[in-house]
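S.K.: Below are the sequence and a predicted model; questions follow.
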Amino acid sequence: MRIEAIGGNFAHEVKDFPLWEPVADADAAAIRDVFRECGVLVFRRQALSEGELLTFGKMIGEPDLYAETGWLSTYPEVIILSNMRGQDGEMLGGLANKPLTWHTDQSYYTTPVTGCFLYGVELPEEGGSTSWASLYRSYETLSPELAKAVDGAIGTFSFAARVGTNLKQGDNHDRAKRLAETPDVKHPLVNIEPGTGRKALYIDPNTVTGIDGMPQDEADDLLDRLLAHATQPAHVYDHDWGPGDLVLWDNAVVLHKRDGFSEKYNRLVKRMIINLDPSRHIIPPVAA
């Protein structure tokens, strides 16, 4: 096994390591250590059943269940993201082929599940690439002015803002129920990794609706400047998918986005969310 930075980027690739084989304790520990440090790990050309995906998830942390029950696969911890349809004509999973702008998952929860991976099964010939932006690097390269503005700042994270107030026809009950069960929550905009003291930004465009004690126009301006800083090319890893690629990331320390792709192409990827060890990873706390 070799673990190397990808082209000098923050993301690392684990090479020559078939995840379908039993993983030695020392190798598992090395993978967890590098993942903790960099926030994005890439494993290419894997051939994994859903049972093997679950085994991998348990090596990283504690796999959790996803809220969108209509996206579930044969294992309850595994969901499908796809634009394909089954024999009954129904969509096989979620998100179809639309582009997804920069975001982090579950920031609107009191205790976000921060670990996540995608596993590519069938992929479009063009488009559909995924990008990640390091919030460690982003914080470490802030100007003194921005660092002063964001240190100690508390943001309001809103599920309602993320999904919008327009409920889709036929989905009104479930969406309304989730809105009622997911009130706004407050998290610090800078978090500290336990053990190392390393700091990371924690922002989520279209979900953070304000900053405590700051006029709305000033908060909007600050959030725009932080996003522009965080997503500049020096802080971003772009992944062009190949069959069997598995990409693992930590939502507390990276943003991600996905490019759209043509409907003429099929895409099917499998996804899992993972509770990470709170003694080793940032779990964004609730701010009073």
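M.R.: Noted; the coordinates are in hand.

S.K.: The stretch 151-288 of the chain: strands as residue ranges?
M.R.: For the stretch 151-288 of the chain, the strands defined by DSSP state E, counting those that start in this stretch occupy 154-157, 185-188, 190-192, 199-201, 208-211, 236-239, 246-250, 254-258, 268-275.

S.K.: Kindly report the same for the stretch 1-150 of the chain.
M.R.: Using DSSP E, counting those that start in this stretch, strands in the stretch 1-150 of the chain cover 2-5, 12-15, 40-43, 62-64, 79-82, 94-95, 100-103, 115-122, 130-134.

S.K.: and the strands of the stretch 151-288 of the chain as TSV, adding mean neighbour count and distance to Gly8?
M.R.: Backbone N, C-alpha and C define where each C-beta goes, glycine included. Compiled in TSV, the strands of the stretch 151-288 of the chain are given as follows (neighbours: other CB atoms under 10 Å; distance: least, CB to CB, whole Å):
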stretch	mean neighbour count	distance to Gly8
strand 154-157	22	31
strand 185-188	19	30
strand 190-192	17	26
strand 199-201	23	20
strand 208-211	20	30
strand 236-239	20	11
strand 246-250	24	18
strand 254-258	24	17
strand 268-275	22	27
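
S.K.: So which of the strands of the stretch 1-150 of the chain is nearest Glu145?
M.R.: Shortest distance between Glu145 and the strands of the stretch 1-150 of the chain, using CB to CB, is found for strand 130-134: 20.5 Å.

S.K.: Output the closest one in PDB with nothing but the alpha carbons.
M.R.: The C-alpha coordinates for strand 130-134 follow below in PDB (Å, rounded to 0.1, in the frame of the first residue of the first chain):
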ATOM      1  CA  THR A 130     -16.900  16.100  -8.400                       C
ATOM      2  CA  SER A 131     -14.800  18.700  -6.700                       C
ATOM      3  CA  TRP A 132     -13.700  19.200  -3.100                       C
ATOM      4  CA  ALA A 133     -12.300  22.300  -1.400                       C
ATOM      5  CA  SER A 134     -10.200  22.100   1.700                       C
END
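
S.K.: the inter-axis angle of it versus strand 254-258?
M.R.: Orientation check (axes from the mean of the first three to the mean of the last three CA atoms, to 10 degrees): strand 130-134 against strand 254-258 gives 160 degrees.

S.K.: Sheet-wise, list the partners of strand 130-134 with their directions.
M.R.: Using DSSP bridges, the neighbouring strands of strand 130-134 in the sheet come out as strand 236-239 (antiparallel), strand 254-258 (antiparallel).

S.K.: JSON lines please, covering these and showing mean pLDDT and distance to Leu201.
M.R.: Shown next, in JSON lines, are these (pLDDT from 0 to 100; distance: least, CB to CB, whole Å):
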{"stretch": "strand 236-239", "mean pLDDT": "96", "distance to Leu201": "14"}
{"stretch": "strand 254-258", "mean pLDDT": "96", "distance to Leu201": "9"}
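
S.K.: And those: which comes nearest Asp221?
M.R.: That would be strand 254-258 among these, by CB to CB, at 18.8 Å.

S.K.: what's the angle from that closest one to strand 268-275?
M.R.: Going by the same axes, to 10 degrees, strand 254-258 makes 160 degrees with strand 268-275.

S.K.: need the contact list for the residue nearest to the spatial centre of the chain.
M.R.: The chain has Asn251 as the residue nearest its centroid, 4.3 Å off, counting by CA atoms, centre = their mean. Neighbouring residues of Asn251 by CB atoms under 8 Å, 6 or more residues apart in numbering: 104-107, 112-116.

S.K.: Return the members of these classed as buried.
M.R.: Buried by 16 or more other CB atoms under 10 Å: 104-107, 112-116, out of the contacts of Asn251.

S.K.: rewinding a little: for Asn9, which of the strands of the stretch 151-288 of the chain is the nearest?
M.R.: strand 236-239 (4.8 Å).

S.K.: Mind listing residues that contact the closest one?
M.R.: 6, 9-11, 40, 42, 129-134, 245, 247.

S.K.: are any of those buried, and which?
M.R.: Buried among those (16+ other CB under 10 Å): 6, 9-11, 40, 42, 130-134, 245, 247.

S.K.: Please verify my assumption that Asp259 contacts Glu126.
M.R.: No. Judged on CB atoms under 8 Å, Asp259 makes no contact with Glu126 at a distance of 9.5 Å.

S.K.: Please say which of the two ends up with more neighbours.
M.R.: Ranked by neighbour count (other CB atoms under 10 Å), Asp259 and Glu126 place Asp259 first, with 17 against 10.

S.K.: Could you measure from the more buried one over to Gly195?
M.R.: 35 Å (CB to CB, to the nearest Å).
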